[in-house]
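K.L.:
What would the 3D arrangement of this be:
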Amino acid sequence: MQGTQVKSALIPLDTLREQIAQAIATAKAYDVPSVCVRLGIQQAVADGDEQEAFGSKRMYVRRRILSWDEADLLALAARVLREYASEDLENTVSEMTVHAAHRVSALVRCDVLKALNPLETLFGEMPLIDCLSEVFGTSVIQDDPVGLLGRNSLHGQIIQHCLRNDDWSHEELLRKCGALTCSQTRFFALLTKLLHPMIRRDAEQGELASAIDAALSRDGFTVRQTGMESGYAIYGVCRAQAGVAGTMKNLIFASIGEKPELVFRDAVNNDVEIVRHADKVLVFDRFLPSSGLLLWKDLRDWYAELQGISDPISAKEQLFRRLRQAVLGARSAGEFAVFQGYYERYGGLLGDRLPALIPQVYLHYDPYTRVGRESCEILKKTT
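P.N.:
Residues are numbered from 1 along each chain as shown. Below is the predicted model:
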């Protein structure tokens with residue numbers, strides 16, 4: 001978080017309140033009361049509210065959410081982030097939700113940093129200061145805005161020990177930047193940056209991915225290829241899952257008629273072919289994000305490309321109708337209630353952060369080869 005170090009997922013609720021208030025305080029003072037109404041902080045604008053907001057926009061918001069519990073504050077934070085950009089708030093929400101249960105220990109972070117020392121350069125040919133600022137925040141790296149600290153500032157020390165001279169190891173540099181105490185979101189962003197093909201490619205990229213993966217595995221995390229860019233691998237950090245390693249493929253779902261008939265063309269690589277009723281189902285064939293979680297926006301963007309829809313709102317509406325049609329076709333009142341209730345309750349609340357609820361997922365294993373299937377079909381027709 002920019003200018004803020006997070007040492008654990010146990011973040012005080014007052015920190016969350018403060019960051020919510022600071023994000024809303026970027027609005028004009030005379031708009032703050034109406035913003036609070038729109039965000040559900042207060043029911044209506046009362047006499048004197050605008051004058052109070054002019055006194056302190058931040059305190060105006062804080063006073064109205066002092067008694068809110070964690071669940072309500074997190075829901076409010078999600079609404080705020082849809083209107084106002086705040087790196088601090090976004091990182092805090094991530095720490096309290098996505099990264100709350102599974103943590104990378106300081107010991108493992110140390111092991112990861114040591115694995116970086118053999119690298120010739122940390123960020124390849126990219127500017128060191130710019131890359132560090134992108135990962136840790138400009139206010140952390142360029143921490144001397146008025147020039148009073150000189151060489152004593154972190155920015156000055158980096159220039160002295162990493163650019164003019166070369167007497168800091170990569171590990172020492174990243175420790176100085178806060179890699180051992182920063183948010184887990186930021187720590188993973190550092191690793192993703194180090195493994196990006198703009199920084200390193202091919203053998204060097206693969207070797208570093210393996211070294212980081214070996215260290216993270218102690219805490220149940222893994223480095224995994226999450227996508228491709230211009231033919232180059234994109235890596236991310238995610239929770240290690242039990243079972244066969246590899247990328248997700250063959251997500252076949254949302255039938256609106258007969259169930260699809262599937263065969264494995266390559267059992268080792270899990271390559272599946274739909275041999276009948278392919279026109280009745282949807283097939284999501286993209287990489288999952290590094291979190292391992294398929295979000296509604298990912299599904300929407302894929303569907304928009306599949307159908308040639310340029311308007312995201314239209315794509316969202318058409319995709320929802322298509323999924324709803326599949327659920328209705330199942331003729332299950334319980335399934336429909338869960339599907340409809342989930343998107344009604346959480347769609348507006350979480351927006352782009354909404355995990356996709358996938359209806360009617362199919363995975364049927366057919367051991368027959370194509371010749372075997374054709375023989376069986378002929379046999380059925382002649383008996």
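K.L.:
Run through the strands of this structure in chain order.
P.N.:
221-229, 232-239, 251-253, 261-266, 271-276, 282-284, 361-362 (DSSP state E).
K.L.:
tell me what the last one is packed against?
P.N.:
Judged by 3 or more C-beta pairs under 8 Å, 6 or more residues apart in numbering; DSSP states H and E, the packing partners of strand 361-362 are strand 251-253. The way it works is simple: take the backbone N, C-alpha and C, and place the C-beta from them, glycine included.
K.L.:
for the strand it packs on, packing partners?
P.N.:
strand 282-284, strand 361-362.
K.L.:
what about it, distance to the chain center?
P.N.:
22 Å (C-alpha atoms, centre = their mean, to the nearest Å).
K.L.:
in that strand, what counts as buried?
P.N.:
251, 252, 253 (16 or more other C-beta atoms under 10 Å).
K.L.:
Give me the average confidence score over that strand.
P.N.:
Averaging pLDDT along strand 251-253 yields 80.
K.L.:
Relative to that strand, what are the paired strands and their orientations?
P.N.:
strand 282-284 (antiparallel), strand 361-362 (antiparallel) (DSSP bridges).
K.L.:
highest average neighbour count across those strands?
P.N.:
strand 282-284 (a mean of 19; mean count of other C-beta atoms under 10 Å).
K.L.:
hang on, the earlier thing: among the strands paired with strand 251-253, which is nearest residue 328?
P.N.:
strand 282-284 (15.3 Å; C-beta to C-beta).
K.L.:
Now do the closest one, average pLDDT.
P.N.:
pLDDT averaged over strand 282-284 gives 83.
K.L.:
returning to what we had before: okay, the helices and strands packed on strand 251-253 in a markdown table with distance to residue 235 next?
P.N.:
Output for the helices and strands packed on strand 251-253, formatted as a markdown table (distance: least, C-beta to C-beta, whole Å):
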| stretch | distance to residue 235 |
| --- | --- |
| strand 282-284 | 21 |
| strand 361-362 | 27 |
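K.L.:
Out of these, the one nearest residue 204 is which?
P.N.:
strand 282-284 (31.8 Å).
K.L.:
what's the closest one in contact with?
P.N.:
Contacts to strand 282-284, defined as C-beta atoms under 8 Å, 6 or more residues apart in numbering, come from residues 250, 251, 252, 253, 254, 274, 294, 299, 302, 303, 322.
K.L.:
between those, which has the most around it?
P.N.:
Neighbour tally across these (other C-beta atoms under 10 Å): the maximum, 24 neighbours, falls on residue 299.
K.L.:
Not counting residues beside it along the chain, what's closest to that one?
P.N.:
residue 356 (4.6 Å; C-beta to C-beta, 6 or more residues apart in numbering).
K.L.:
Tell me if I'm right that that neighbour and residue 301 touch.
P.N.:
No - Residue 356 lies out of contact with residue 301 (C-beta atoms under 8 Å); the separation is 11.3 Å.
K.L.:
List the buried residues in stretch 296-309.
P.N.:
296, 298, 299, 300, 301, 302, 303, 304, 309.
K.L.:
That should have said stretch 232-242, apologies.
P.N.:
233, 234, 235, 236, 237, 238, 240.
K.L.:
For it, what is the distance to the chain centroid?
P.N.:
Per C-alpha atoms, centre = their mean, the centroid offset for stretch 232-242 relative to its chain is 12 Å.
K.L.:
can you list contacts of it?
P.N.:
Contacts of stretch 232-242 (C-beta under 8 Å, 6+ apart): 102, 188, 191-192, 195-197, 201, 205-206, 209, 216-217, 220-228, 289-292.
K.L.:
how about a cut-off of 6 Å?
P.N.:
102, 188, 191-192, 195, 197, 201, 209, 220-227, 290-292 (C-beta atoms under 6 Å, 6 or more residues apart in numbering).
K.L.:
And stretch 339-357, by the same measure?
P.N.:
Here stretch 339-357 has contacts from 75, 78, 82, 293, 294, 296, 297, 299, 327, 359, using C-beta under 6 Å, 6+ apart.
K.L.:
Tell me how many other residues crowd residue 202.
P.N.:
As a burial measure, residue 202 scores 10 neighbours (other C-beta under 10 Å).
K.L.:
swap in residue 359?
P.N.:
Residue 359: 23 neighbours (other C-beta under 10 Å).
K.L.:
ok, now residue 354?
P.N.:
19.
K.L.:
With residue 60 instead?
P.N.:
Residue 60, neighbours per other C-beta under 10 Å, totals 23.
K.L.:
surely it meets residue 53?
P.N.:
Yes - under the criterion of C-beta atoms under 6 Å, residue 60 makes contact with residue 53 at 4.5 Å.
K.L.:
Between the two, which contacts overlap?
P.N.:
residue 32.
K.L.:
which ones are touching residue 33?
P.N.:
45, 49, 50, 53.
K.L.:
To residue 32, which of the strands of the chain lies closest?
P.N.:
Per C-beta to C-beta, nearest to residue 32 of the strands of the chain: strand 232-239, 37.5 Å.
K.L.:
Name the residues of stretch 180-188 that are buried.
P.N.:
Buried residues in stretch 180-188 (16+ other C-beta under 10 Å): 180, 182, 183, 184, 185, 186, 187, 188.
K.L.:
and that stretch, how far out from the chain's middle?
P.N.:
That offset, for stretch 180-188, works out to 14 Å (C-alpha atoms, centre = their mean).
K.L.:
One more: stretch 297-315?
P.N.:
That offset, for stretch 297-315, works out to 19 Å (C-alpha atoms, centre = their mean).
K.L.:
can you list contacts of it?
P.N.:
286, 316, 319, 352, 356.
K.L.:
Need the buried ones from the residues you listed selected in PyMOL.
P.N.:
Only the buried members of the contacts of stretch 297-315 enter the following PyMOL selection, criterion being 16+ other C-beta under 10 Å:
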select buried, resi 286+316+319+356
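K.L.:
Would you point out the most distant pair within the contacts of stretch 297-315?
P.N.:
286 and 316 (17.2 Å).
K.L.:
remind me which residues of the protein are low pLDDT?
P.N.:
Flagging of the chain using pLDDT under 70 yields the residue ranges 1-9, 144-150, 241-250, 260-275, 277, 287-292, 363-383.
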